[in-house]
Every structure is written in C-alpha cells, then in structure tokens.
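Peer 1: I'll drop the sequence and a predicted model, then ask my questions.
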Amino acid sequence: MVTVEFAASLRRHVACAPQNVAAGSLRVVLDAALAAAPALRHYVLDDQGNIRKHVAVFVNKTMVLNRQNLTQPLASGDRVLVIQALTGG
C-alpha cells in the first residue's frame with residue numbers, strides 16, 4: 001500500500017485522514033486518495049488531471065517536478081505528501 005497524506009493547510013478545508021491505497025502510477029494513487037476527499041480534487045488537480053501550480057506533491061520526500069506526466073510508478077511502502085505551495089517575500 002502507498003500512504004497519501006494531505007497537509008494541514010488542505011485538511012482545514014476538507015477533512016481527510018491519511019489514505020492507504022493500492023500501489024500504481026502516481027496518477028492512479030492520487031485518484032484513489034482523492035476519491036476519499038472529492039472536494040479536494042479540483043484544488044489539487046486541474047481539468048486535465050495535472051497537478052495545479054499552487055500545489056506541491058512529494059514522493060518519499062522528493063518533490064514531483066513534472067506536473068503533467070504522473071506515470072511515475074509507486075511501490076508498496078512509498079509515501080506521498082500533498083501540500084499547498086506557498087510563496088511570498
């Protein structure tokens with residue numbers, strides 16, 4: 001199983017406990033986790049299913065740089081963290 005966790009900044013809008021979902025591509029894993037919190041889907045993914053610019057996704061503490069090609073395979077034991085990407089100065 002792959003663990004998917006949504007950061008507190010997202011959970012304050014939609015309650016969503018960490019999800020344990022079947023391994024597969026990053027897209028399949030995100031889709032499965034977002035099924036438990038459908039209100040987050042449009043915040044995390046755009047209409048084409050790409051990761052939105054204001055969201056950062058980490059796989060095992062490494063940020064996903066390609067927001068469109070979510071075919072990266074994930075294996076049992078992997079961890080995905082979805083956070084709101086903040087900028088400022």
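Peer 2: That came in fine, so what should we check first? Numbers count the residues shown, from 1 in each chain.

Peer 1: what segments of this protein are helices?
Peer 2: Taking DSSP state H as the criterion, the chain carries its helices at 8-11, 26-35, 38-44.

Peer 1: among these, which is the most enclosed?
Peer 2: helix 26-35 (a mean of 20; mean count of other Cβ atoms under 10 Å). In this view, the C-beta of every residue, glycine as well, is placed from N, C-alpha and C.

Peer 1: one step back: mean pLDDT lowest where, among the helices of the chain?
Peer 2: Least confident of these, judged by mean pLDDT, is helix 8-11 with a mean of 86.

Peer 1: for that helix, packing partners?
Peer 2: helix 38-44, strand 79-84 (3 or more Cβ pairs under 8 Å, 6 or more residues apart in numbering; DSSP states H and E).

Peer 1: ok, back up a step: could I get the helices of the chain in a markdown table, plus columns for distance to Asn50?
Peer 2: Below are the helices of the chain laid out as a markdown table (distance: least, Cβ to Cβ, whole Å):
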| stretch | distance to Asn50 |
| --- | --- |
| helix 8-11 | 17 |
| helix 26-35 | 10 |
| helix 38-44 | 10 |
